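[1] have a look; sequence and predicted model below, questions after that.
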Amino acid sequence: MKVALITGGGRGIGAGIADALAAESWNVAFCGRTEPEKMKARVAELEKKHDVRALYVQCDVSNRDDRRATFARVLEEFGSLNALVNNAGVAPLVRADIMEATEESFDRVMNINLKGPYFLTQLVANYMAEQKKKDPNFSATIVNVGSVSATVASVSRGEYCLSKAGVGMATLLWAVRLAEFGIPVYEIRPGIIKSDMTSAVTAKYDKLIAEGLTLQPRWGLPEDVGKAVASLLRGDFPYSTGQTINVGGGMEIGRL
């Protein structure tokens with residue numbers, strides 16, 4: 001079985017991705033900041049429901065030692081890694097106007113949302129490139145989970161928007177760099193997805209969706225993102241490295 005590592009895979013969008021991949025017989029490793037004891041039931045659920053192997057590792061992706069330890073643990077447990085899904089991300093602790101936002105908030109969001117996945121990708125990409133040199137048929141794919149906020153400005157979440165715009169460029173950079181090894185890199189760009197991150201603004205987006213914010217008049221769900229990631233990892237887009245798949249119900253389309 002192929003093995004995928006999903007950062008931030010214990011809840012929300014990450015959990016939707018883990019479910020979608022496990023349903024297609026991927027062994028799944030996922031990581032997050034939650035204590036391992038609290039994830040035992042989730043690991044058991046994935047294994048029993050989908051007849052795969054699952055692993056949870058506690059990891060702060062902004063921490064270099066955590067990233068290295070997580071990668072080593074995955075290789076120790078499974079012996080291989082075929083896909084990296086950079087999903088872990090946070091919103092600002094306080095939605096503050098960019099006229100007043102703090103450097104501390106900026107650093108926190110950028111370290112988790114951009115720096116962490118950038119250097120985790122570096123770690124995994126070097127491993128995948130070596131495997132490709134040994135065996136050109138080795139399956140390897142990288143997927144970044146960005147956000148519609150990469151292109152839609154939200155002045156109360158400036159650091160988040162900047163971090164996700166950076167993820168978009170990171171996708172292009174890694175697609176270019178890894179092309180010589182035959183390793184495709186993609187970005188999934190979710191819109192308004194029902195998760196713990198958006199729970200505090202449910203009423204706001206209920207109203208906006210009812211007023212036509214999205215062409216498809218509903219919230220996005222974690223499984224919508226999971227299905228898109230699964231399609232990429234199946235190899236359904238073999239000639240599209242570096243591309244962005246929008247999962248936002250059409251909200252990114254400009255209208256008059």
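    Nice, thanks for sending it over.
[2] so which residues of the stretch 151-256 of the chain form helices?
    Remark: helices assigned in the stretch 151-256 of the chain by DSSP state H, counting those that start in this stretch are 158-178, 202-210, 222-234.
[3] sorry, wrong one. I was asking about the stretch 1-150 of the chain.
    Applying DSSP H, counting those that start in this stretch to the stretch 1-150 of the chain gives helices spanning 12-23, 40-50, 64-78, 103-110, 116-134.
[4] run the angle between the second one and helix 12-23 for me.
    Between helix 40-50 and helix 12-23, the angle formed by their directions is 40 degrees, by axes from the mean of the first three to the mean of the last three C-alpha atoms, to 10 degrees.
[5] cool, the fourth one as well?
    The directions of helix 103-110 and helix 12-23 differ by 10 degrees, with the same axes, to 10 degrees as the criterion.
[6] quick check: K207 vs S25, distance?
    41 Å (C-beta to C-beta, to the nearest Å). No exception for glycine: its C-beta is placed from N, CA and C like everyone else's.
[7] no, scratch that, I was asking about S154
    Taking C-beta to C-beta as the criterion, S154 is separated from S25 by 38 Å.
[8] one step back: quick one: closest of the helices of the stretch 151-256 of the chain to F30.
    Closest to F30 of those is helix 222-234 (C-beta to C-beta; 12.2 Å).
[9] can you check the pLDDT for S195?
    In the prediction, the pLDDT value recorded for S195 is 87.
[10] touching, it and G8? I think so.
    No. Between S195 and G8 there is no contact under C-beta atoms under 8 Å: 10.5 Å.
[11] who has more neighbours out of those two?
    G8 (27 against 19; other C-beta atoms under 10 Å).
[12] relative to F78, how far out is the more buried one?
    Distance from G8 to F78, counting by C-beta to C-beta: 19 Å.
[13] next one: F181
    21 Å.
[14] now swap in C59 and tell me
    According to C-beta to C-beta, C59 and F78 sit 16 Å apart.
[15] any stretches of the stretch 1-150 of the chain with poor pLDDT?
    For the stretch 1-150 of the chain, no stretch is flagged by pLDDT under 70.
[16] neighbours of S25, how many?
    11.
[17] how many neighbours does the nearest residue to A15 once chain neighbours are set aside have?
    Once flanking residues are discounted, A15 sits nearest to P222: 6.0 Å by C-beta to C-beta, 6 or more residues apart in numbering. Neighbour count for P222, taken as other C-beta under 10 Å: 21.
[18] buried residues, stretch 232-241. List them.
    Applying a neighbour-count criterion of 16 or more other C-beta atoms under 10 Å, one finds 232-233, 241 buried in stretch 232-241.
[19] out of these, which comes closest to K133?
    T241 (18.4 Å).
[20] is it true that the closest one touches V185?
    Yes. Using C-beta under 8 Å, T241 makes contact with V185 at a distance of 5.9 Å.
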